[in-house]
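In: Below are the sequence and a predicted model for it; my questions follow.
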Amino acid sequence: MALAENRQSSVLHALLSIDSKPQKDVHMKRLGVDFQIQALDGKTINRIQEQCTHYTGKGQKREKVLDEEQFGALVIQKACLIPDWSAKELIDKYGTPTEAILGLLLAGEVAKLSTEILEISGFDSDDDEIKN
């Protein structure tokens, strides 16, 4: 019984001592700079996923389809601390943060950055659950 109480106490202490989301610097080789990212909570990721999902077909052939490019761009927009994708200079030139991300980063860079964000947010890179 004491072991279970100690475990309960340890888990509660760990949960209550969390003061911020995990952060990480990701080196962008082509640009020669580090982007600073932070973890996203499940609610934010689910909202982004819903925003990027559309349906194709009708009846029994109706399928959910995730726009992975849009999903990656929105994850990056929400999780990047540096750069600030809503900076006036980027918005003036590209229109929206998402358009700036997709206009400035190569497809592989979007994939790398969004994968890093999902990993520090608690998703394994081997787990396809977020994409389905």
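Out: Thanks, I have the structure now.
In: can you tell me the helix or strand for the residue nearest the centre of the chain?
Out: Nearest residue to the geometric centre of the chain (Cα atoms, centre = their mean): residue 75, 3.6 Å. Assigned by DSSP states H and E, residue 75 belongs to helix 68-79.
In: in the next helix or strand after that helix, what counts as buried?
Out: Once the chain leaves helix 68-79, the next helix or strand it forms, by DSSP H and E, is strand 80-82. Across strand 80-82, burial judged by 16 or more other Cβ atoms under 10 Å covers residue 80. Using the backbone N, CA and C atoms, a C-beta is placed for each residue, glycine as well.
In: Who are the packing partners of strand 80-82?
Out: Where contact means 3 or more Cβ pairs under 8 Å, 6 or more residues apart in numbering; DSSP states H and E, strand 80-82 is packed against strand 33-38.
In: and whichever helix or strand comes after the strand it packs on, what's its mean pLDDT?
Out: Using DSSP H and E, the helix or strand that follows strand 33-38 towards the C-terminus is helix 42-51. For helix 42-51, mean pLDDT rounds to 95.
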